[in-house]
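Novice: Mind looking at a prediction? Sequence and model below.
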Amino acid sequence: MFYSLAVVTFGTAVPAGQFVPGIMIGSTYGRLVGMSVVKFYKKLNVDEGTYALLGAASFLGGSMRMTVSLCVIMVEITNNLQLLPLIMLVLLISKAVGDFFNEGLYEEQARLKGIPLLDSRPKQVMRNMNAKDACKN
């Protein structure tokens, strides 16, 4: 349900946001994975909430690519520094997989709306250019 509502509100001009739906979608699939792990490994003492937290971090890290700030937010939510290495690992993997396939959610939205953005690395022609050369035309 959250996924379908997030898809509907993504392109609208309503300030609904994508962060909270992203947390809900990610925690839902993380919780599903946690429930299946608990069902499969009955002798393990596994908390399904940890899987929900890691699922939310992985979904947001893979779709929005905000790794450092997201890591701080997730640690602040739990107030548990022992989860920091797991959150960092999940964010690293989800960002790498997301970067392999496409751009982030906000970059794609800006491109679809025609908002010009600078690339993170300048083109080869622009690396040796001065401001005087760029302003000639």
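Specialist: Here it is on my side, so go on.
Novice: Report the mean per-residue pLDDT for whichever strand or helix holds Leu60.
Specialist: According to DSSP states H and E, Leu60 maps onto helix 48-64. In this model, helix 48-64 carries a mean pLDDT of 91.
Novice: gap between it and the chain center?
Specialist: 9 Å (CA atoms, centre = their mean, to the nearest Å).
Novice: what element comes up after it heading to the C-terminus?
Specialist: Following helix 48-64 in sequence, per DSSP H and E, is helix 67-78.
Novice: what's the angle between that following helix and helix 48-64?
Specialist: When axes from the mean of the first three to the mean of the last three CA atoms, to 10 degrees is applied, the directions of helix 67-78 and helix 48-64 differ by 160 degrees.
Novice: related to what we said a few turns ago, show me what the helix holding Leu60 is in contact with.
Specialist: 18-19, 22-31, 33-35, 37-38, 66-67, 70-71, 74, 77-78, 83, 86-87, 90-91, 93-95, 97-98, 104-106 (CB atoms under 8 Å, 6 or more residues apart in numbering). The way it works is simple: take the backbone N, C-alpha and C, and place the C-beta from them, glycine included.
Novice: Let's verify Met24: helix, strand, or coil?
Specialist: helix (DSSP: H, G, I helix; E, B strand; the rest coil).
Novice: Could you pick out the buried ones from the contacts of helix 48-64?
Specialist: Neighbour counting by 16 or more other CB atoms under 10 Å classes 18, 22-31, 33-34, 66-67, 70-71, 74, 83, 87, 90-91, 94-95, 98, 104-105 among the contacts of helix 48-64 as buried.
Novice: Now do the buried residues in the worst-scoring helix or strand of the chain on mean pLDDT.
Specialist: Lowest by mean pLDDT, DSSP states H and E among the helices and strands of the chain is helix 2-10, with a mean of 72. For helix 2-10, the neighbour count (16+ other CB under 10 Å) marks Ala6 as buried.
Novice: Quick one: list the elements packing against it.
Specialist: helix 19-40 (3 or more CB pairs under 8 Å, 6 or more residues apart in numbering; DSSP states H and E).
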